[in-house]
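Predicted model and sequence below, questions to follow.
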Amino acid sequence: MAIAFDITENTQLAKDHFNQVAREQMRPISRKYDDQEHDLPTEWVDWWWKEGRKGAPGKYDGPQDGFVTVCVQAEELCWGDAGLYLRMPTPALGGSAVGAAGTPEQRDKFLKAFREDGQPIWGAMAITEPGAGSDSAAIQTTADWDEDAQEWVLNGTKIFCTAGEGASTVAGGFVVVWATVDKSAGRGGIKSFVVPANTPGMTLVGTEDKLGIRASDTATLTFDNCRVPGENLLGRREVKKQDPAKSAGDKGFKGAMATFDASRPVVAAMAVGVGRAALDFVKEELARQGVPLRYDAGPREQTALERDVIEMEAELQAARLLTWRAARLISLGKPNNLEASMAKAKAGLAVTGITQKAVELLGPVGYSKKLLVEKWMRDAKINDIYEGTQQINQLIIARRILDYPSAMLR
Ligand SMILES: Cc1cc2nc3c(=O)[nH]c(=O)nc-3n(C[C@H](O)[C@H](O)[C@H](O)COP(=O)(O)OP(=O)(O)OC[C@H]3O[C@@H](n4cnc5c(N)ncnc54)[C@H](O)[C@@H]3O)c2cc1C
């Protein structure tokens with residue numbers, strides 16, 4: 001793979017555009033929707049739908065850089081506000097799941113950018129349950145086949161579903177639900193199902209009060225004899241019993257897991273965006289106070305402050321380069337499972353460290369709600385939790401490097 005450390009001209013144009021969006025549309029309402037966690041940020045949603053996405057470059061640079069541009073967009077918009085980014089009307093993770101596990105026909109059917117009447121579509125992906133988080137093979141939600149009706153019948157509870165409120169209740173939206181069609185088959189029995197918004201039997205029970213990314217809706221959903229057509233099962237229907245010496249069952253589970261190969265680089269980019277927001281602010285503040293930052297000072301002359309800022313810069317840049325590498329592999333159609341986990345693990349650690357250090361360096365005002373820095377510190381931690389925690393991504397990295405199946409390294 002060719003290594004590129006720069007972005008193309010088109011990606012740079014996209015970066016400038018989304019930075020302007022972040023600066024002008026997101027930052028001014030950032031505090032408002034952090035305070036008003038459960039309110040729909042109508043001005044942002046409406047503006048994005050009517051104006052924001054129009055300004056985005058319509059086509060990317062082709063196979064070389066399409067996914068890098070997606071990551072650059074995520075970095076810029078999360079530099080603006082990570083919670084508002086997650087509240088954007090898009091198919092989001094639900095779309096990634098259809099893209100990763102669906103057949104070409106299913107992609108045509110379910111992957112629509114907007115409704116026929118031109119209104120937006122929200123998507124979400126529901127894996128996590130009260131008894132199954134990191135260990136997604138422990139999923140208890142069931143999907144039973146009704147031969148007469150040619151339908152799947154879903155029963156179970158899903159928690160912490162990002163964008164689950166919009167995806168389950170706004171017409172046109174959809175939730176991709178992971179469920180087992182055969183508990184005795186282990187991972188091999190786990191399949192994903194597209195459940196359209198307002199399908200009878202799917203109920204929005206409530207949304208979480210959270211530490212960070214508070215503008216984003218995080219839902220609990222129940223499924224009580226919730227019926228979907230047979231074709232809403234993504235990928236293959238056959239179940240292969242799981243071989244305990246192998247890491248996964250058939251393509252159904254592997255296909256569903258492949259969602260993360262695309263979504264982890266995006267989460268890593270989001271983390272980089274939040275970290276950069278904090279670092280940029282620290283540097284601006286130091287400049288305003290007339291405190292010099294000497295990047296060329298030797299170790300004996302460097303101040304503690306200079307060392308901290310340089311370390312923050314290095315962590316951020318390392319996370320970004322890992323992210324772009326994982327993204328570029330997607331653009332090239334190459335496997336990126338290892339690289340996606342590396343980017344996610346590094347960026348999750350980097351952003352938590354950088355934002356905490358920013359609060360520390362700014363002194364008491366950094367801890368105050370007068371600034372957004374304390375919010376960025378709260379927004380940072382989620383990047384180390386969802387889409388595979390820090391520990392789980394490190395496990396994946398170790399398995400890939402050592403070539404161990406998950407059954408041997410867990
Ligand atoms: C705001 C928010 C949004 C979310 N959005 C979504 C979403 O859209 N869809 C969705 O399905 N889920 C979502 N989640 C859930 C998230 O993916 C899970 O919280 C995460 O996978 C961890 O699962 P868990 O909470 O059950 O923790 P557990 O799996 O119980 O883990 C607890 C701790 O143990 C560690 N641990 C677990 N297993 C191992 C191991 N084998 N080795 C070492 N350490 C281990 C973990 O790293 C963690 O630190 C969201 C969560 C939050 C907080």
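Good, I have the coordinates.

Quick one: name the residues of the stretch 201-350 of the chain near the ligand.
210, 218 (CB under 6 Å from any ligand atom). The C-beta positions use only the backbone N, C-alpha and C, and glycine is treated the same way.

So which residues of the stretch 201-350 of the chain form helices?
Secondary structure of the stretch 201-350 of the chain by DSSP state H, counting those that start in this stretch: the helices cover 251-288, 304-331, 337-362.

ok, the residue in the chain positioned nearest to the ligand - how many residues close by?
Relative to the ligand, the nearest point of the chain is residue 133 (1.7 Å; CB to the nearest ligand atom). Look at residue 133: counted by other CB atoms under 10 Å, it has 17 neighbours.

re the thing from before, could you dump the helices of the stretch 201-350 of the chain into a markdown table and include mean pLDDT?
Below are these laid out as a markdown table (pLDDT from 0 to 100):
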| stretch | mean pLDDT |
| --- | --- |
| helix 251-288 | 91 |
| helix 304-331 | 96 |
| helix 337-362 | 98 |
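
Make CSV from those helices and add distance to residue 142 and mean neighbour count to it.
Formatted as CSV, the helices of the stretch 201-350 of the chain follow (distance: least, CB to CB, whole Å; neighbours: other CB atoms under 10 Å):
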stretch, distance to residue 142, mean neighbour count
helix 251-288, 15, 24
helix 304-331, 32, 20
helix 337-362, 28, 24
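
Would you confirm that residue 125 contacts residue 262?
No: Residue 125 is not in contact with residue 262 according to CB atoms under 8 Å; the separation is 11.5 Å.

Format the helices of the stretch 201-350 of the chain as JSON lines; extra columns: distance to residue 30.
Formatted as JSON lines, these follow (distance: least, CB to CB, whole Å):
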{"stretch": "helix 251-288", "distance to residue 30": "10"}
{"stretch": "helix 304-331", "distance to residue 30": "20"}
{"stretch": "helix 337-362", "distance to residue 30": "14"}
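
Just the element for the closest residue to residue 128 other than its chain neighbours, please.
Of all residues not flanking residue 128 in the chain, residue 160 sits nearest, at 4.9 Å (CB to CB, 6 or more residues apart in numbering). Here residue 160 sits within strand 151-162, counting by DSSP states H and E.

any weak-confidence spans in this protein?
The chain contains residues with pLDDT under 70 at 1-4, 54-65, 240-252.

got the contact list for the spatially most central residue of it?
By CA atoms, centre = their mean, the chain has its centre lying nearest to residue 267, at 4.2 Å. Neighbouring residues of residue 267 by CB atoms under 8 Å, 6 or more residues apart in numbering: 344, 347, 383, 386-387.

sec struct for the spatially closest residue to it that is not a sequence neighbour, please.
If the residues on either side of it in the chain are set aside, residue 267 comes closest to residue 387, at 4.7 Å by CB to CB, 6+ apart. Classification of residue 387 by DSSP: H, G, I helix; E, B strand; the rest coil places it in coil.

Phi first, then psi, for residue 387.
With angles defined as degrees, to the nearest 10, residue 387 sits at phi 60, psi 40.

my guess is it contacts residue 345, does it?
No: using CB under 8 Å, residue 387 is not in contact with residue 345; the gap is 10.7 Å.

For the residue of the chain closest to the ligand, what are phi and psi?
Residue 133 adopts backbone torsions of phi -120, psi -90, taken as degrees, to the nearest 10.

again with residue 103
phi -80, psi 170.

which ones are touching it?
Each residue near residue 103 by CB under 8 Å, 6+ apart is listed here: 234-235.

Repeat the analysis, applying 10 Å as the threshold.
Applying CB atoms under 10 Å, 6 or more residues apart in numbering, we find residue 103 in contact with 109, 231, 234-236, 255.

Narrow those to those that are buried.
Buried by 16 or more other CB atoms under 10 Å: 234-235, 255, out of these.

Tally up the residues packed near the residue nearest to residue 128, please.
A total of 18 residues lie near residue 160 under the criterion other CB under 10 Å.

Just to check, it is in contact with residue 205?
No: taking contacts as CB atoms under 10 Å, residue 160 lies outside contact range of residue 205: 12.0 Å.

what touches both of those two?
Contact criterion CB under 10 Å, 6+ apart; residues shared by residue 160 and residue 205: 219-220.

Now do the shared contacts for residue 387 and residue 345.
Counting by CB under 10 Å, 6+ apart, the contacts common to residue 387 and residue 345 are 264, 268, 393.
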